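Undergrad: fold the stuff below for me.
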Amino acid sequence: MTHPMAQTLLRWYEQNKRDLPWRGSPTAYHIWVSEIMLQQTRVEAVKGYYARFLAALPTVEALAAVDGDRLLKLWEGLGYYTRARNLKVAAQVIVREHDGALPASPEALLKLPGIGLYTAGAIASIAYGVPVPAVDGNVLRVCARLSADPTDIALDQTKRGVAARLLRIMPRDRPGDFNQALMELGACVCLPGNSPRCDACPLAADCLARAQGLIAGLPVKSPKRPRKVEQRRLLILRFEDTLALRRRPPKGLLAGLWELPAAFELPPEIILSRQPAGQAVHVFTHIEWRMTAERVVLRRPVEDGGLVWVTQEELARDYALPSAFAGFRGKMFS
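TA: This is a model prediction of the structure:
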C-alpha cells in the first residue's frame, strides 16, 4: 500500500510537473546526459544544450567516439567541463563493458566516472524502475523542512539517513516518479531561504518546520570555504581578421580549453595600436577571477608557438572558449 504522503506527492506531481525535454523520452542515456548537465546548472540554461548535444551525439556509441575538441565545443558555456570529459570516458566504459547500454544496477552505475549516489539513483529509478532514492540538494531541503531536522545536509551521514527514510515510503511501482516529484517540489515550491511557496505545497500540513516557524533556517549547511581571488591581465591580440588564443594546460581548472592569453611583453615594432578593453569578474566554485584586458592590434603575428590565430567563424565553429571570457566577447572582433 502506498504511503499517504507519497500518494499526495504523486498526485501533485501529475498535475504540476514541468514539461521538460528529458521527461518525454526517459531512456537511460537521455536521463544520464540531462542529470549530468543539470549538476550546478539551471534547468532553463540546460534545455538548449541538451537538444544540441543529443542531436550531435544521439547514442552512447557516438559519445564514446566523439573528438575531444568537438565534445568541449558542444559543452561550451555550460561550465564544469570535467562533467563532459567524464561523460565520454564513462561512455567508452559502457561500450566496452556493457554492450553500449547503461547498467540498471545503482552499484554498477556508481563505478562509472562522474556518476555519484544521486545520479545513479536518478538513472536507475527513472529509466529502469529500480526502487532507490535520488537525493539532491532540493530533496535534502524538502526533507529537512518536513522533519524540522537541523542536521548539516553537507554531511554524508545526513544524506544516507534521508535516503533510508525515503526508501521506506517510496512506492515500489513508481520510484522514478516519486524521486522526480520530490525534486520538482524542491525546485518549484520549497524554495531556499525566505521564499518558499508554502501556500502551493501539497505537503504543507505535514511540514514540521512550517508549524514551528523554522523554514527560513532550514536546511542547515556548513559554510563554504572563502574563495581564492586571482588577478589576471589578459590580451585580446588581433592580426587582420584573426584573434590569438592559447590552450589551457591538460589538467586543472578549465583543462584543455581555449583562453585569451595572459599578458606578456610584446615587441613595440609590431604593435599598431593598443587600448584598454575593460574588466570582468568570473566566479568558479573555489576561485574568483578578476580580469583586466587590453586590446592590441598587431602588424604581424607575434612569434609564439603556443598561440593559435583564428577567425570569428572558426572560433564559433571549432574552439571552446569558456564563459569566463564572455565579458570580453564584444571586443574580440569589433
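
Undergrad: does the residue lying closest to A263 once chain neighbours are set aside count as helix, strand or coil?
TA: Spatially, and ignoring its direct neighbours in sequence, A263 is nearest to R233 (3.9 Å; C-beta to C-beta, 6 or more residues apart in numbering). Every C-beta, even on glycine, is put in place using the N, C-alpha and C of the backbone. Of the three states, R233 takes strand under DSSP: H, G, I helix; E, B strand; the rest coil.

Undergrad: who does R233 bridge with?
TA: For R233, the beta-bridge partners are T292 (DSSP bridges).

Undergrad: next, count neighbours for E76.
TA: Residues near E76, counting by other C-beta atoms under 10 Å, number 19.

Undergrad: was I right to think it contacts D318?
TA: No. Under the criterion of C-beta atoms under 8 Å, E76 makes no contact with D318, lying 10.4 Å away.

Undergrad: on that earlier part again, wait, the residue nearest to A263 sits on W289?
TA: No. The pair R233 and W289 does not pass the contact test of C-beta under 8 Å, sitting 11.1 Å apart.

Undergrad: out of the two, which sits in the more crowded spot?
TA: W289 (19 against 11).

Undergrad: give me every residue that touches the residue nearest to that one when sequence neighbours are not counted.
TA: Spatial nearest neighbour of W289, excluding adjacent residues (C-beta to C-beta, 6+ apart): H282 at 4.7 Å. With contact taken as C-beta atoms under 8 Å, 6 or more residues apart in numbering, H282 is in contact with E288, W289, M291, S323, A324, F325, G327.

Undergrad: what kind of secondary structure is H282 in?
TA: Assigned with three-state DSSP, H282 falls in the strand class.

Undergrad: measure it to R232 for me?
TA: H282 sits 9 Å away from R232, going by C-beta to C-beta, to the nearest Å.

Undergrad: ok, A56 next?
TA: 32 Å.

Undergrad: and the residue at minimal distance from the centre of the chain, what's its pLDDT?
TA: For the chain, the residue lying nearest the average C-alpha position, counting by C-alpha atoms, centre = their mean, turns out to be Q39 (3.5 Å). For Q39, the pLDDT comes out at 94.

Undergrad: test my guess that it contacts R83.
TA: Yes. Q39 is within contact range of R83, at 6.4 Å (criterion: C-beta under 8 Å).

Undergrad: tell me where the model's unsure across the stretch 151-300 of the chain.
TA: Judged against pLDDT under 70, the stretch 151-300 of the chain has no low-scoring part.

Undergrad: try 90 this time
TA: Applying pLDDT under 90 to the stretch 151-300 of the chain flags the ranges 193-195, 222-225.

Undergrad: can you pull out the helices in it?
TA: Per DSSP state H, counting those that start in this stretch, the stretch 151-300 of the chain carries helices over the ranges 156-169, 175-188, 208-212.

Undergrad: neighbours around the residue nearest to A216 when sequence neighbours are not counted, how many?
TA: Among residues not flanking A216 along the chain, N194 sits closest, at 4.9 Å (C-beta to C-beta, 6+ apart). When neighbours are defined as other C-beta under 10 Å, N194 has 8 of them.

Undergrad: give me phi/psi at N194?
TA: N194 adopts backbone torsions of phi -90, psi 20, taken as degrees, to the nearest 10.

Undergrad: now L254: how far from K111?
TA: To K111, L254 is 27 Å away according to C-beta to C-beta.

Undergrad: so between those two, which is more surrounded?
TA: Neighbour count, other C-beta under 10 Å: between L254 and K111, L254 has more, with 20 against 13.

Undergrad: would you confirm that the more buried one contacts R248?
TA: Yes. Using C-beta under 8 Å, L254 is in contact with R248, at 5.1 Å.

Undergrad: can you tell me the average pLDDT over the helix or strand hosting L140?
TA: Taking DSSP states H and E as the definition, L140 sits inside helix 137-146. For helix 137-146, mean pLDDT is 98.

Undergrad: again, but for stretch 106-113
TA: Mean per-residue pLDDT for stretch 106-113: 98.

Undergrad: what of stretch 316-334?
TA: Per-residue pLDDT over stretch 316-334 has a mean of 95.
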